[in-house]
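> here you go, sequence then predicted model.
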Amino acid sequence: MGRLFAVEIVYRGIFQKTLAKNISRAIVLAAHQEGKPGISFGRYGDSPERNGVPAKNFAIVATDNVTLEEGMAKYEPKEVDISIAVDDTLCKGVESWAWYGLQPINRLLKPGGTLIVTSREEPEALIEMTHRKEYPYQLAIVKGIPSFSGLWVYKEDHTDVRILGAMAKILPELFSLESVEKAILDEWHDALKATSAARSFERTTTITVHPTQGNPEEPYKFEFPKWWEMREGVAIPSIPRGGAFEDPETAKVGGFRPERNPTFKKFSTRTMRPVVEFDTCIKCTLCWLQCPDSCFDVTPDGLYDANMEACCGCGVCEAVCPVPNCVTMVNEVEFHDNASQWEMWKKDKEGYKKWLQEKIQHRPERSHGFRYRGQYEEQVPEMLEIAREG
Ligand code: SF4
Ligand code: SF4
């Protein structure tokens, strides 16, 4: 029996669709250069993709056809040699259309397998976000701003080939750098892309993450109903009406908290989150009305508190708020929980103001698709500079 290699690419639906496809396809093409057969495919349950909702592609490669056929008989790999997260906020865990609950980004990694993350963060920051694993694994960072594009456009910033270069260093049994370079030239006819892969190969290092490191939280999960617990026929219960909001400090009741979908929480869709300056809010209701996910709790004092379990980070509230700098979208890597901002503000207004100022320093470098014509052309040189200089 030959050897089977499995790689997963975890990406943000739509925004990173082409990136994930390019990587999984090029993995198979590079392996073909060495006579290894392979297949790449998207996870069936992730379709249709939604903006930002985590999704997966897989690449399966074998040393011979029979081993590949055996690997393909499984719907998807139970464990992988390499997990690739093309956005660092995915390290907080992923909730997709395809399953219930939150799954750690390193869930499928084999003992000693490698998690590759595209990020500008240091390893410590990524490890802090990532759930603990019961055995050691390796972490490699491909330095750079996580690459986002749209449904019809692709940001050609070399993230795809830099990941391939890193893979050749991490798992040389899968393919060599030479095979990666040949596959890039065959596929893209671009010598500069091959050079970016080689630079990434040279620079890639890994560190070992031990079972004592990482986020100790148990990701939320659900028990599936047994067949005898299911109701007859098909019934989709609607979400109940919601009710009054309670101030935990004063036990005062007022305002309104809508009920939310209890099984799909959405926060792992987010790459940035709104922070609210409650002192300048004029209670105009626009954020509450316009939020596409009914995220705002109306507090007993008539303010609007974005619920961080429900927010998908779309940025509409920032766009509609009429008060300058009252709502600001901030990079999600800056936060370690989903706590209520309003409760924090109520307890310590001065402390909250300081916290807010600190967070606002970290405006998003990421964007949801392109916002104006020519934006990608502006961003690409910066990424190519990182690919060149590191
Ligand atoms: S970013 Fe704002 S508008 Fe968008 S889901 Fe979150 S709270 Fe709602
Ligand atoms: S849109 Fe801005 S000013 Fe209006 S209620 Fe929301 S946070 Fe306050």
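In hand now; what should we look at? Ligands and ions are numbered 1, 2, ... in the order given.
> residue ranges in the stretch 1-150 of the chain under the pLDDT threshold?
For the stretch 1-150 of the chain, no stretch is flagged by pLDDT under 70.
> now the strands for it?
4-12, 38-42, 54-62, 80-85, 109-119, 137-143 (DSSP state E, counting those that start in this stretch).
> F267 is nearest to which of these?
strand 54-62 (11.2 Å; C-beta to C-beta). All C-beta atoms are positioned from the backbone trio N, CA, C, and that covers glycine.
> the closest one pairs with which strands?
Strand pairing for strand 54-62, using DSSP bridges, gives strand 4-12 (antiparallel), strand 38-42 (antiparallel).
> for S200, which of the ones you listed is the nearest?
strand 4-12 (15.8 Å).
> could you dump the strands paired with strand 54-62 to JSON lines with distance to E358 and mean neighbour count?
Below are the strands paired with strand 54-62 laid out as JSON lines (distance: least, C-beta to C-beta, whole Å; neighbours: other C-beta atoms under 10 Å):
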{"stretch": "strand 4-12", "distance to E358": "26", "mean neighbour count": "26"}
{"stretch": "strand 38-42", "distance to E358": "39", "mean neighbour count": "18"}
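> distance to A319 added to those, as TSV?
Formatted as TSV, those follow (distance: least, C-beta to C-beta, whole Å):
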stretch	distance to A319
strand 4-12	20
strand 38-42	31
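> sorry, back to before: the strands of the stretch 1-150 of the chain into CSV, with extra columns for distance to ligand 2?
Below are the strands of the stretch 1-150 of the chain laid out as CSV (distance: least, C-beta to the nearest ligand atom, whole Å):
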stretch, distance to ligand 2
strand 4-12, 26
strand 38-42, 38
strand 54-62, 28
strand 80-85, 32
strand 109-119, 30
strand 137-143, 36
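> will you turn those strands into a markdown table that also has distance to E202?
Converted to a markdown table, those look like this (distance: least, C-beta to C-beta, whole Å):
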| stretch | distance to E202 |
| --- | --- |
| strand 4-12 | 21 |
| strand 38-42 | 25 |
| strand 54-62 | 23 |
| strand 80-85 | 19 |
| strand 109-119 | 16 |
| strand 137-143 | 12 |
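> out of these, nearest to ligand 1?
strand 4-12 (15.0 Å; C-beta to the nearest ligand atom).
> what inclination does the closest one have with respect to strand 80-85?
Angle, strand 4-12 to strand 80-85, by axes from the mean of the first three to the mean of the last three C-alpha atoms, to 10 degrees: 20 degrees.
> output strand 4-12 as PDB - backbone C-alpha positions only.
The C-alpha trace of strand 4-12 is given here as PDB (Å, rounded to 0.1, in the frame of the first residue of the first chain):
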ATOM      1  CA  LEU A   4      -1.900   9.000   1.000                       C
ATOM      2  CA  PHE A   5      -1.600  12.700   1.700                       C
ATOM      3  CA  ALA A   6      -4.600  14.900   2.600                       C
ATOM      4  CA  VAL A   7      -4.700  18.700   2.800                       C
ATOM      5  CA  GLU A   8      -7.600  20.900   3.700                       C
ATOM      6  CA  ILE A   9      -8.000  24.600   2.800                       C
ATOM      7  CA  VAL A  10     -10.300  26.400   5.100                       C
ATOM      8  CA  TYR A  11     -11.500  29.700   3.600                       C
ATOM      9  CA  ARG A  12     -14.200  32.300   3.800                       C
END
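> thanks a lot, see you next time.
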